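>>> Build me a model from this:
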Amino acid sequence: MKFSRLLLIFAGFAASHAHAQDETIKHDAEFYILQAQHAEQWARDDAAVDKALAGFREGNGGNPPNIVSVLIDDMGFGDMGIPELNAVRGYETPNINVFSDQAMRMVRMYTEPSCTPTRVAQMTGRLPVRMGMGDTTVDIAGFGLPGEEVTLAEVLKEAGYATSHVGKWHMGDIAESWAMNQGFDYAQHAVHQQGQLTIFNDDAIREQVSVAIRDYDDKYTLDGWFRPDSAAMMTVIEGETGGPIREIRMEAGERWNAAKYDEMNQAFQDKTLAELERLAMQQQPFFLQYWPMIPLDNTRAGRDGPKSANGGLYVDKMQLLDQWLGELFARIDELGLAENTVVVVMGDNGHFTKYAPQSGFTPLIYAGGKGDTTEGGVRVDAFIRWPGMIEADGLLNSIIHVSDLYTTLSRFAGAEQYIPTDRLVDGVDQSAALLFADESKGRRDHVIIYSVAKPEAIVKDQLKLKLPGPGENAIVAKFFDLYRDTREEYSVSTEVGAWGGQEFVRILGRHMARKEKFPDTQPAFGVPYEGVENIRPETQQAVEAFLIKRASSQQ
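All right, here's what the predicted structure looks like:
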């Protein structure tokens, strides 16, 4: 394409964008650079996507597809869907492996480095740093996802979907952040995460999974609020939009332990199947989220279920989760839903390398894991199945970020008009790449990888820059060719930096300039657990202690 023609396309786009500020989804800067080069092809692709989706709805009674999203905690790349990699570790996930043969593997799926930010990105289509949700908390924190954020559930609900969420949530312990207040008609989910529920519960303390909570003589301890009490914290809540919210399966004075953790996980599985059946009986399309909390399980106490040659705690529970997902897939088939349901199964970040020896999981292809900005922290197994619409047993090597699911699933649902246009949305529509199994139709070629609120790396094509510190020249910064060096061990700094160093710096510069136009905001703050109608006395005491600690800095 001649340069003059390219300028005309970009100028035309800029003019239309200026005239449609209230109607157009706003993206980060790199999107517009790609659009300026591919606008004509994208227009043709969009028309083809519209035709394909219209054809599906015509054959589905006029309805868009149902959507089932399964997000598994702390699963590294290669943990699911590849029997050969199962075998070298000594465990089996046959149901997920069969599912992977029926689905397309999104080979270059990038997430955020830990649980909360990935879940925020999937739900809002935005980098979690944009609303101060880039960190992962374990105990009572008093903040969460702001009500002003527009979740995928809210977008789909506007388009007529019934919405339900079961399992992990982990986006705040204040009422406005909970799933039933963020677009889900019904939700049953844990308020916190496995740190509370399996790492410092009573059995884990006895097994030295957690140290110095209650396994010592406390005669010299003055601060009785310093150590968390998992049993005093809120556990699992349940409720409907606008209705009462209650804590379930936990009575006043009851201790949280490994048996309670097992009970909770089985209840989440049972509820997911029940919700699937309930939603299938309705006349409207549905969006069902199942976010399991296993395979994370840190105690030997009460351990049962499938055993593997590997013998790791997480790996054995991974085999149990595989059984459960097999039940879910079978129920989808039995209910006649498979042909009109998009199913996404993926991990939320790399596995918890601190527990790698005893868990049974270790990084395979990529270095690092949960919390790291190396590829092992943010590259995960990810599959999407839509029979007759998305190629079965396919591989898509385009870069996809978890936030892209927000825009792409909205497009599949015919709900993209409900995506907010008054803020920056990081997720881009990857419908064309997925529906036509064509990597040239991808709409993302880069990812900026954050650690909490700090950008630490940039991926562009197959190249990755570990961002240099203040005053360091990008020409000698650490560059990696991810195709040649998956574990980021052999920097090709000068070879890339001599020609690409400044280009990477400019990517970050454009990103930061876009932040000035759409500034980052803060999470919502409030009183933990407020709005739960049956709060236990010990939980109320824990909240009061938290509020005193929070107020102490204002004395």
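
>>> So the closest residue to H401 other than its chain neighbours versus R423, what's the distance?
With CB to CB, 6 or more residues apart in numbering as the criterion, H401 has its nearest non-adjacent residue at 4.9 Å, and that residue is Y110. Placement of C-beta: from N, CA and C, glycine included. Distance, Y110 to R423, using CB to CB, to the nearest Å: 21 Å.

>>> who's more crowded, these two?
Y110 (26 against 18; other CB atoms under 10 Å).

>>> doesn't I400 make contact with the more buried one?
Yes: counting by CB atoms under 8 Å, Y110 does reach I400; the two are 7.0 Å apart.

>>> For the residue sitting furthest away from the middle of the chain, pull up the helix or strand it's in.
Relative to the centre of the chain, and counting by CA atoms, centre = their mean, the farthest-placed residue is K219 at 43.1 Å. Here K219 is covered by no helix or strand, with elements defined by DSSP states H and E.

>>> and if you look at R510?
helix 493-517.

>>> What is that helix packed up against?
helix 29-58, strand 446-451, strand 454-460, strand 463-466, strand 478-481 (3 or more CB pairs under 8 Å, 6 or more residues apart in numbering; DSSP states H and E).

>>> quick one: contacts of it?
28-30, 424, 446, 448, 455, 458, 460, 463, 465, 467, 473-479, 481 (CB atoms under 8 Å, 6 or more residues apart in numbering).

>>> Narrow those to just the buried residues.
28-30, 424, 446, 448, 455, 458, 460, 463, 465, 467, 474-475, 477-479, 481 (16 or more other CB atoms under 10 Å).

>>> Pull up the distance across stretch 427-436, start to finish.
Start-to-end span of stretch 427-436 (CA to CA, to the nearest Å) is 19 Å.

>>> in it, what counts as buried?
Going by 16+ other CB under 10 Å, stretch 427-436 has these buried residues: G427, V428, D429, Q430, S431, A432, A433, L434, L435, F436.

>>> So for that stretch, mean pLDDT?
Average pLDDT, stretch 427-436: 98.

>>> which SS class is the residue lying closest to R379 once chain neighbours are set aside?
In space, and not counting its chain neighbours, R379 is closest to F77: 4.6 Å by CB to CB, 6+ apart. Secondary structure assignment for F77 (DSSP: H, G, I helix; E, B strand; the rest coil): coil.

>>> What pLDDT does the model give G471?
pLDDT, G471: 80.

>>> how close does it sit to A477?
Going from G471 to A477 by CB to CB gives 12 Å.

>>> Then I72?
34 Å.

>>> Which pLDDT does the model give the residue farthest from the centre of the chain?
So K219 comes in at 91 (pLDDT).

>>> Is it possible to get a markdown table of the buried residues of stretch 427-436 that adds distance to Q522 and secondary structure?
Formatted as a markdown table, the buried residues of stretch 427-436 follow (distance: CB to CB, whole Å; DSSP: H, G, I helix; E, B strand; the rest coil):
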| residue | distance to Q522 | secondary structure |
| --- | --- | --- |
| G427 | 21 | coil |
| V428 | 26 | coil |
| D429 | 29 | coil |
| Q430 | 30 | coil |
| S431 | 33 | helix |
| A432 | 36 | helix |
| A433 | 34 | helix |
| L434 | 34 | helix |
| L435 | 38 | helix |
| F436 | 41 | coil |
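
>>> Distance to A252 added to these, as a markdown table?
Listed next are the buried residues of stretch 427-436 as a markdown table, based on distance: CB to CB, whole Å:
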| residue | distance to A252 |
| --- | --- |
| G427 | 43 |
| V428 | 49 |
| D429 | 49 |
| Q430 | 48 |
| S431 | 50 |
| A432 | 55 |
| A433 | 52 |
| L434 | 49 |
| L435 | 53 |
| F436 | 57 |
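
>>> so what's A204 up against?
So A204 contacts T198, S210, A258, N298, T299 (CB under 8 Å, 6+ apart).

>>> Just flag the most distant two among those residues.
S210 and A258 (12.7 Å; CB to CB).

>>> on that earlier part again, my read is that the residue nearest to R379 contacts G377, right?
No: assessed by CB under 8 Å, F77 is found out of contact with G377, at 10.3 Å.

>>> between those two, what contacts are shared?
Joint contacts of F77 and G377 (CB under 8 Å, 6+ apart) are G350.

>>> So between the two, which is more surrounded?
G377 (28 against 25).

>>> Find the residue closest to E238 in space, skipping its chain neighbours.
In space, E238 is closest to Q188, 4.4 Å off (CB to CB, 6+ apart).

>>> Kindly state the beta-bridge partners for the one you found.
V166, E238 (DSSP bridges).

>>> follow-up on the earlier one: quick one, what contacts the residue nearest to R379?
G350, L364, I365, Y366, E375, G376, R379, V380, D381.

>>> cool, A542 as well?
Residues near A542 by CB under 8 Å, 6+ apart: I140, D229, A232, M233.

>>> got those residues as TSV, with distance to A43, secondary structure and neighbour count columns?
TSV is the format used below for the contacts of A542 (distance: CB to CB, whole Å; DSSP: H, G, I helix; E, B strand; the rest coil; neighbours: other CB atoms under 10 Å):
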residue	distance to A43	secondary structure	neighbour count
I140	50	coil	23
D229	58	coil	22
A232	57	coil	20
M233	52	coil	25
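
>>> Just the closest of the buried residues of stretch 427-436 to M318, please.
Looking across the buried residues of stretch 427-436 and measuring by CB to CB, the closest to M318 is L434, at 26.5 Å.

>>> Would you check that that closest one makes contact with I390?
Yes: contact criterion CB under 8 Å: L434 and I390 qualify, at 5.6 Å.
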